[in-house]
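Colleague: Need a 3D model of the sequence below.
(one chain, ligands or ions: 1)
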Amino acid sequence: MSDTLIDLARQRAASAPEEVLYTFLLDGETQEARLTCAELDRQARAIGALLQERGARGERVLLLHPPGLEYITAFFGCLYAGAVAVPAYPPEPSRLQRTLPRLEALIADARARFVLTTSAIHAMAGWMAEQAPRLASLTWLASDEVPGDAASAWKEPGFNSQSLAFLQYTSGSTGSPRGVVLTHGNLLRNSTAIQQTFGSPPRSRAVSWLPPYHDMGLIGGILQPLYGQLSIVLLSPLDFLQRPARWLEAISRYRARFSGGPNFAYDLCVRKTPPEQRAALDLSTWELAFTGAEPIRAETLERFAQAFAPSGFRPEAFFGCYGLAEGTLCVTTGRKATAPTVRHFQREALERGEALESPVSARGPSDSRALVGCGFAVPGHELLIADTASAMPLPEGRTGEIWFRGPSVAQGYWDKPEETARTFQAHRSDTGEGPWLRTGDLGFLVGGELFVSGRIKDLIILRGRNLYPQDLEQTAESLHPALRPGCSAAFSVDVAGEERLVLVLEASRSQPFEPQALLDSLREAVASHHEVSPYEVVLISQGSIPKTSSGKIQRRACRELYLSDGLEVIARSTLASSEPARQPA
Ligand code: 1ZZ
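Modeller: This next block holds a predicted model:
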């Protein structure tokens, strides 16, 4: 058993040097770039040696690479150096204004000292630093310019399972990013759990288009293949979004057995592939199609299974999962070769926190809610449903906060002791036993299986992409003096089976504005800054947005008022047709 990902990569290079671990589809289709186990190890040593020479051991190193093999070798280079990798989206030249503030906040929070990137992005460093001065304070290194013979200078960092591996910045808004601290031990233990439940034999083929900056793309798409001795075919998320059939074509062409993504990806495939294209695909080798990272919808599973039955897709391949970065990645999984459980619950009872199954005769869309089971706690880990107010454990069938514990639970949030204590050190109030990770998600158990029914935290997930209401509200409020600062709420609602964004803003009595023009420019600003089209934008009277006694926005209460038509509406604009968000996760 390896103690670190470094040991693991070294062992793989020694035992199977010529095996191709990663194949990246440069054009999303047929043009391949490959990386063997030996090449990965040699390039990681070369990049690791350079970082060590520059004094990066123990330091945070920002990774700014587009998806591809260079991203992978740079990530392993950081690990080999004994540095702490901080994966981030590379800034988009055409949208610097949108991407740079988050990058700057991330650099400050991580106290990063180095940037590892490609020579193409390095060439833009000076220009970007003019707009984001923090970038100038970092030491920049281009990982694709490191000569292979530098590998011989590499020194084992002498790490163990408790050593830090990387910071996963998926949580927190732009204003207050939160980096989840993951050790080598966390990653290896979650990989063991995934391996046990996925049951992937060595040398199986997998396919992933998931963004490599997000836990599911990085751990599931890059680390798991190394751990499970898989051979994975990767394509960029943009190539997938541009033409979703590329994902399925890759599965078909490479005869892949393991692949998956968030619920929206399956819907997108149904919407964007004509029947004649489906018939040309062979999905009969696909034995495990995982679905997680956002609510799993029964209708999506049904639609996809039906649409792709002519391609040989089997509904038993669907594999429901639930997880979060704070738990490394995977918290629960379904059972292999068994279609996910779909249960119908009485809507009213669910709203009271009770999971009562609806009789078949009363399964109207308004009386009952179909939920897809997310499976069982991964081996070696435990789940608990706790009352949100009292922290008392709840029996099966009662809704509460999902708590999780075991070796996959991360160390906390980087440099945030109070938030770490609040989230990672929960104790049950009856016995005082703990610590548990509070997930901020709501759910219940039926026969030990988890059903996720909602979210306590304000996080909005649209098409597998995490959005923070604070960021959307800030963009909107700063648009016009008639919009009152700190008096808006962003949240999501279910519209015809899909989560959609709603923005509610207070308009000032004393500032003149033209409602329709203001609503149009709000839409435009949110779309261009966040690449999401709000379903509805609502202007309400001054002083009418619900707030706590300490002046904090109550987004959930605002959502309730919106749904029950209880807002003091001045004007509203509803999107006529649904437009897709661009970048997932
Ligand atoms: P993140 C080999 N959420 O999304 C590949 N699942 O993390 C293995 N809500 O921190 C792949 N229903 O960004 C295994 N089923 O967001 C994949 O997302 C296992 O609100 C799934 O708190 C891993 C997803 C990782 C991820 C976490 C938040 C959660 C929750 C929501 C995730 C969900 C789900 C409903 C689900």
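Colleague: Give me the buried positions along stretch 367-386.
Modeller: Across stretch 367-386, burial judged by 16 or more other Cβ atoms under 10 Å covers 368-369, 371-378, 381, 383-386. Yep, even glycine has a C-beta here, placed from its N, CA and C like the rest.
Colleague: Could you identify the pair within the residues you listed that is furthest apart?
Modeller: Greatest spacing in these, by Cβ to Cβ: 368 and 381 (31.0 Å).
Colleague: Do a quick rundown of the helices in the stretch 401-550 of the chain.
Modeller: Taking DSSP state H, counting those that start in this stretch as the test, the helices found in the stretch 401-550 of the chain are 417-424, 469-477, 515-530.
Colleague: The stretch 1-150 of the chain too?
Modeller: 5-15, 37-53, 69-81, 96-110, 119-122, 125-131.
Colleague: and what of the stretch 201-350 of the chain?
Modeller: For the stretch 201-350 of the chain, the helices defined by DSSP H, counting those that start in this stretch cover 215, 224-228, 237-242, 245-254, 263-272, 275-279, 298-307, 347-352.
Colleague: Now do the contacts for the closest residue to the ligand within the stretch 1-150 of the chain.
Modeller: Closest residue of the stretch 1-150 of the chain to the ligand, Cβ to the nearest ligand atom: residue 87 (12.8 Å). Counting by Cβ atoms under 8 Å, 6 or more residues apart in numbering, residue 87 touches 63, 75, 166, 168-169, 212-213, 218.
Colleague: count of neighbours near the residue in the stretch 401-550 of the chain positioned nearest to the ligand?
Modeller: For the stretch 401-550 of the chain, the residue closest to the ligand is residue 452, as judged by Cβ to the nearest ligand atom, at 4.0 Å. Here the count is done by other Cβ atoms under 10 Å, and residue 452 has 22 residues near it.
Colleague: Which strand residues bridge it?
Modeller: Under DSSP bridges, the beta-bridge partners of residue 452 are residue 443.
Colleague: Redo the helices of the stretch 201-350 of the chain as JSON lines? Include distance to the ligand, mean pLDDT and mean neighbour count.
Modeller: Converted to JSON lines, the helices of the stretch 201-350 of the chain look like this (distance: least, Cβ to the nearest ligand atom, whole Å; pLDDT from 0 to 100; neighbours: other Cβ atoms under 10 Å):
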{"stretch": "helix 215", "distance to the ligand": "5", "mean pLDDT": "95", "mean neighbour count": "26"}
{"stretch": "helix 224-228", "distance to the ligand": "4", "mean pLDDT": "98", "mean neighbour count": "22"}
{"stretch": "helix 237-242", "distance to the ligand": "14", "mean pLDDT": "96", "mean neighbour count": "19"}
{"stretch": "helix 245-254", "distance to the ligand": "14", "mean pLDDT": "98", "mean neighbour count": "22"}
{"stretch": "helix 263-272", "distance to the ligand": "8", "mean pLDDT": "94", "mean neighbour count": "20"}
{"stretch": "helix 275-279", "distance to the ligand": "25", "mean pLDDT": "92", "mean neighbour count": "12"}
{"stretch": "helix 298-307", "distance to the ligand": "12", "mean pLDDT": "96", "mean neighbour count": "18"}
{"stretch": "helix 347-352", "distance to the ligand": "15", "mean pLDDT": "86", "mean neighbour count": "14"}
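Colleague: Minimum distance to residue 140: which of these has it?
Modeller: Among those, helix 237-242 sits nearest to residue 140 (Cβ to Cβ), with 24.5 Å.
Colleague: If you count contacts, what does that closest one end up packed against?
Modeller: Contacts defined by 3 or more Cβ pairs under 8 Å, 6 or more residues apart in numbering; DSSP states H and E place helix 237-242 against helix 245-254.
Colleague: show me what contacts residue 161?
Modeller: Applying Cβ under 8 Å, 6+ apart to residue 161 gives the contacts 3-4, 183-185, 188.
Colleague: circling back to that earlier point, kindly identify which of the buried residues of stretch 367-386 also come near the ligand.
Modeller: Of the residues in these, proximity to the ligand by Cβ under 6 Å from any ligand atom holds for residue 374.
Colleague: Select from the buried residues of stretch 367-386 every entry located in strands.
Modeller: Taking DSSP state E as the definition of strands, these contribute 368-369, 371-372, 376-377, 383-386.
Colleague: If we only consider the buried residues of stretch 367-386, which is nearest to the ligand?
Modeller: Nearest to the ligand among these is residue 374, at 4.6 Å by Cβ to the nearest ligand atom.
Colleague: what residues are up against the residue nearest to that closest one when sequence neighbours are not counted?
Modeller: Among residues not flanking residue 374 along the chain, residue 322 sits closest, at 3.8 Å (Cβ to Cβ, 6 or more residues apart in numbering). Residues counted as contacts of residue 322 (Cβ under 8 Å, 6+ apart) are 292, 331-332, 374-375, 402, 441, 450, 452.
Colleague: who's residue 322 bridged to?
Modeller: The residues listed as beta-bridge partners of residue 322 by DSSP bridges are residue 332.
Colleague: Just name the most buried of the helices of the stretch 401-550 of the chain.
Modeller: helix 469-477 (a mean of 21; mean count of other Cβ atoms under 10 Å).
Colleague: That helix: how far from the chain's middle?
Modeller: How far helix 469-477 lies from its chain's middle: 20 Å, per Cα atoms, centre = their mean, to the nearest Å.
Colleague: Dihedrals phi and psi, residue 361?
Modeller: Main-chain dihedrals, residue 361, degrees, to the nearest 10: phi -70, psi -20.
Colleague: Check the burial of it by counting its neighbours.
Modeller: Using other Cβ under 10 Å, residue 361 has 6 other residues around it.
Colleague: Where does pLDDT dip in the stretch 1-150 of the chain?
Modeller: The model of the stretch 1-150 of the chain has no residue with pLDDT under 70.
Colleague: how many neighbours does residue 170 have?
Modeller: Residue 170: 19 surrounding residues under other Cβ under 10 Å.
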